[in-house]
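# Below is the structure, and that's it, no one-letter string:
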């Protein structure tokens, strides 16, 4: 059985986004020793390299990611690790949960993307878990993975905490999960202030 792995960013006080649905304001007080650090990019490449399927949520998120990462792939000024992630996200099988995204919206990623409705998301993920292959990875998609968590479909939760305090915004969890969490391990990165905690769900 395949595992569903959720990997997300959070601030020290547990926020996922600022009120404007962006993370940029969080970095106003990032310690100068950590500016330009690429540890989180390396972490994301590791996670995507271990997956055969990437779950994304929503038309806006899909189109934003597609526009950004196709641009990175063609940008000679982009760091090598970000160009590697752009290649991986282009090639990996992508499943987008959306009621508004159509086949005509898929653009450069049309050959590697399947769209499923919000109502069928849990059933589709359940079927993916029963198939052969490596991890099913969820990056971003807070509402999606909170729903999958409530449905008992998430196997591991990987939360990377940045040394930032948001003070408000969009919390990581939509509501209190009715499940247990067991710490599998914690990882620090030399030269970076981030810490990744890995939890088994249930």
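Alright, I've got the coordinates. Just so it is clear, the structure is predicted and the values come from calculations on it, not from any experiment. Residues are numbered from 1 along each chain as shown.

# going forward, measure contacts between C-alpha atoms and count neighbours the same way
Will do.

# what stretches of the chain score poorly on pLDDT?
Within the chain, not a single segment meets pLDDT under 70.

# So which bits of the helix or strand containing residue 147 are buried?
Counting by DSSP states H and E, the element that carries residue 147 is helix 142-150. Judged by neighbour count (16 or more other CA atoms under 10 Å), helix 142-150 contains these buried residues: 142, 144-149.

# what do you get for stretch 25-41?
26, 39-40.

# export the residues you listed to TSV and tack on secondary structure?
Listed next are these as TSV, based on DSSP: H, G, I helix; E, B strand; the rest coil:
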residue	secondary structure
26	helix
39	helix
40	helix
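
# okay, those residues in a markdown table with distance to residue 48 next?
Shown next, in a markdown table, are the buried residues of stretch 25-41 (distance: CA to CA, whole Å):
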| residue | distance to residue 48 |
| --- | --- |
| 26 | 25 |
| 39 | 14 |
| 40 | 12 |
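
# Can you tell me which of those residues is nearest residue 193?
residue 39 (9.2 Å; CA to CA).

# does that closest one really touch residue 196, like I thought?
No: the pair residue 39 / residue 196 is not scored as a contact, 10.6 Å apart, by CA atoms under 8 Å.

# Now do the contacts for the closest residue to residue 3 other than its chain neighbours.
Excluding the flanking residues, the one nearest residue 3 by CA to CA, 6 or more residues apart in numbering is residue 135, at 5.1 Å. If you count contacts by CA atoms under 8 Å, 6 or more residues apart in numbering, residue 135 has them with 2-5, 50-53.

# Residue 154: helix or strand, and which one exactly?
Per DSSP H and E, there is no helix or strand for residue 154.

# Next one: it relative to residue 27, how far apart?
29 Å (CA to CA, to the nearest Å).

# next one: residue 135
From residue 135 to residue 27 the distance is 30 Å (CA to CA).

# ranges for the helices of this protein?
39-49, 59-73, 80-91, 121-130, 142-150 (DSSP state H).

# Could you export those as JSON lines, including distance to residue 32?
Conversion of these to JSON lines gives the following (distance: least, CA to CA, whole Å):
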{"stretch": "helix 39-49", "distance to residue 32": "15"}
{"stretch": "helix 59-73", "distance to residue 32": "25"}
{"stretch": "helix 80-91", "distance to residue 32": "21"}
{"stretch": "helix 121-130", "distance to residue 32": "41"}
{"stretch": "helix 142-150", "distance to residue 32": "29"}
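
# So which of the ones you listed is nearest residue 22?
Comparing the helices of the chain by CA to CA, helix 59-73 comes nearest, at 11.6 Å.

# Does the closest one pack against any helices or strands, and if so which?
Judged by 3 or more CA pairs under 8 Å, 6 or more residues apart in numbering; DSSP states H and E, helix 59-73 is in contact with helix 80-91.

# Now the helix it packs on: buried residues?
Per 16+ other CA under 10 Å, helix 80-91 contains these buried residues: 81-90.

# Show me what it is packed against.
helix 39-49, helix 59-73.

# can we see that at 6 Å?
helix 59-73 (3 or more CA pairs under 6 Å, 6 or more residues apart in numbering; DSSP states H and E).

# Give me the contacts around the helix it packs on.
Here helix 59-73 makes contact (CA atoms under 6 Å, 6 or more residues apart in numbering) with 83, 86, 101.
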